[in-house]
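Engineer: I'd like to go over a predicted model; first the sequence, then the structure.
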Amino acid sequence: MRFGERIVVTGVGIVSPLGVGVRTVWPRLLAGGCGVKRLESLRGQTSEVAAPVPRGSEDGEFDPARCRLMAPGDAQTIAPFAQFALAAAAEALDSARWAPATDAERERTGVAIGSGIGSLADIVDASDTMRERGPRRVSAYFVPRMLVNMAAGHVSIRAGLRGPLSCPATACATGASAVSDAALLLMSGAADVMLAGGAEACIEPLAIAGFGKLRAVSTAYNASPERASRPFDAGRDGFVMGEGAAVLVLETEGHARRRGATVLAELCGFGLSADAHHITAPPDNGAGALRTMRTALRMAEACGHPFVDYVNAHATSTPQGDAAELRAISALAADRPAGSLPLLVSATKGATGHLLGGAGALEAAFTVLALHHQVLPPTINLEKPEPADLPGIAHVTVGGAPADGRPLRAALSNSFGFGGVNVSLCFARWAPAGAPVTQDE
């Protein structure tokens, strides 16, 4: 066991409603871009808006033929959520400059990529086929396409990674759970490098109908879709479903140092808890979220990171969930010494919608990029904060460096899910104890 080992992030890959690839997505996010659209496929539903991944052959669009981990014909045999994971994993590996070449390296590199739902469209299609044409006409690819662990499985197979293979499924906290699971595997000595993330592709009429019955999705902005996802705003009325994937390359500091890797940030803490309250709603005071953030910060403090400057909030744009989380963040701010600057808070689901099982990974990636580049992504559509006037919080509504000029030392990324699951990841700006691990500016 080696639980004193530091864990660093050396690569990031993104497939999102804002585009494909960090070089496309990050500037659009900082500029206040939005990937939410009104979709013809959802006409007649109470909610007709969603945030799809842009598909096509142009730069920044998703094209399976441009993913080096995919082969011709894969688009027919691999479900979209797993395709997104393959593209994000390929970019993450390239960005980390990690291409295990020996059996030993491949056996020490693992994958933890989860999904909240998997391929619901394949379940719907197979059910229709069986009812209309009989069981003999169900595709042989049905089961391999719809299973939630197939994103992780395909990445492992195509990249030749033989280390630990894991697929958490913790609803909307899945992507963050994958990161914490990967960190534990690295800390335990089971691997030297882990690809960690989440993927989802569930913009499907049945899914929208199901969440609609829960009154969880936005219905008031069908005519103005870019305004529909509005975290923390008084006019919010539900989340907007998005799709995509994000993958982080995590590795031990020792491994990164030995190969001279460039470090983007350090994963210095994580917290996990259960609300034990309700299957779909948090307690109004956000008690579970607060416990989770405090746990992550205690671990970070033990690693020498006593300060947190920024929270990338889960904030899906639901009335109850956003309010509970904001109360929890305000209570966390009250833990800090008197005279501390306010906690900077933003929620990026206004731009991307809610990626369900991919959300935690995407927002972890955004948090890493914020620390690395020392700039913050904004909360778009935030016109009138609610709850208002909570102490210790400053909303970020314009992307860029902090307005008060502070350095960004450490940040939390929150993810919560149905069933009462809470995960909070704490990342810190990389400050190596010595060379040759490097940090690009």
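Structural biologist: That came in fine, so what should we check first? Numbering: from 1, shown residues only.
Engineer: wait, Asp192 sits on Pro164?
Structural biologist: No: between Asp192 and Pro164 there is no contact under C-beta atoms under 8 Å: 10.9 Å. (Glycine included, C-beta is placed from N, CA and C.)
Engineer: Which of these two has more residues huddled nearby?
Structural biologist: The neighbour count for Asp192 versus Pro164, taken as other C-beta atoms under 10 Å, is higher for Asp192 (25 against 21).
Engineer: Identify the residues contacting that one.
Structural biologist: Arg108, Thr109, Leu186, Glu251, Thr252, His255 (C-beta atoms under 8 Å, 6 or more residues apart in numbering).
Engineer: Over to Ser57?
Structural biologist: Each residue near Ser57 by C-beta under 8 Å, 6+ apart is listed here: Asp63, Ala65, Arg66.
Engineer: what about the strands in the chain?
Structural biologist: Listed from the start of the chain, the chain has strands (DSSP state E) covering 7-16, 19-20, 37-38, 49-50, 109-114, 165-166, 193-200, 244-252, 265-274, 310-312, 343-346, 393-395, 410-417, 421-428.
Engineer: okay, and the helix or strand of the chain with the least pLDDT?
Structural biologist: Comparing every helix and strand of the chain by mean pLDDT, DSSP states H and E singles out helix 74-77 as the least confident one, with a mean of 92.
Engineer: how about low-confidence regions in this protein?
Structural biologist: Residues of the chain that meet the criterion pLDDT under 70 lie in 1-3, 432-441.
Engineer: the helices in the stretch 301-441 of the chain, which residues?
Structural biologist: Counting by DSSP state H, counting those that start in this stretch, the stretch 301-441 of the chain forms helices over residues 319-334, 349-352, 359-373, given from the N-terminal end onward.
Engineer: hmm, who's touching the second one?
Structural biologist: Just to be clear, that refers to helix 349-352. Outside of helix 349-352, the residues that reach it under the criterion C-beta under 8 Å, 6+ apart are 16-18, 28-29, 32-35, 51, 229-231, 239-240, 242, 244, 315-317, 359, 362, 377, 379-382.
Engineer: go with 7 Å
Structural biologist: Outside of helix 349-352, the residues that reach it under the criterion C-beta atoms under 7 Å, 6 or more residues apart in numbering are 16-18, 29, 33-35, 51, 229-231, 242, 315-317, 362, 379-381.
Engineer: Quick check: the gap between the residue nearest to Ala228 when sequence neighbours are not counted and Leu184.
Structural biologist: Using C-beta to C-beta, 6 or more residues apart in numbering and skipping the chain neighbours, the partner closest in space to Ala228 is Tyr221 (3.7 Å). Taking C-beta to C-beta, to the nearest Å as the measure, Tyr221 falls 40 Å from Leu184.
Engineer: Compare these two (neighbour count), which wins?
Structural biologist: Summary of the neighbour comparison: Tyr221 and Leu184, criterion other C-beta under 10 Å, with Tyr221 having more neighbours (23 against 17).
Engineer: ok, now which ones touch the more buried one?
Structural biologist: Going by C-beta under 7 Å, 6+ apart, Tyr221 touches Val49, Arg227, Ala228.
Engineer: so the first one makes contact with Gly35?
Structural biologist: No: with contact defined as C-beta atoms under 7 Å, Val49 does not reach Gly35; the gap is 10.8 Å.
Engineer: Now do the same contact list for Gly417.
Structural biologist: Thr170, Ala171, Cys172, Ala173.
Engineer: where does the residue nearest to Ser346 when sequence neighbours are not counted fall, phi/psi-wise?
Structural biologist: Spatial nearest neighbour of Ser346, chain neighbours left out: Val396 (4.0 Å); criterion: C-beta to C-beta, 6+ apart. Listed backbone geometry of Val396 is phi -100, psi 110, with angles given as degrees, to the nearest 10.
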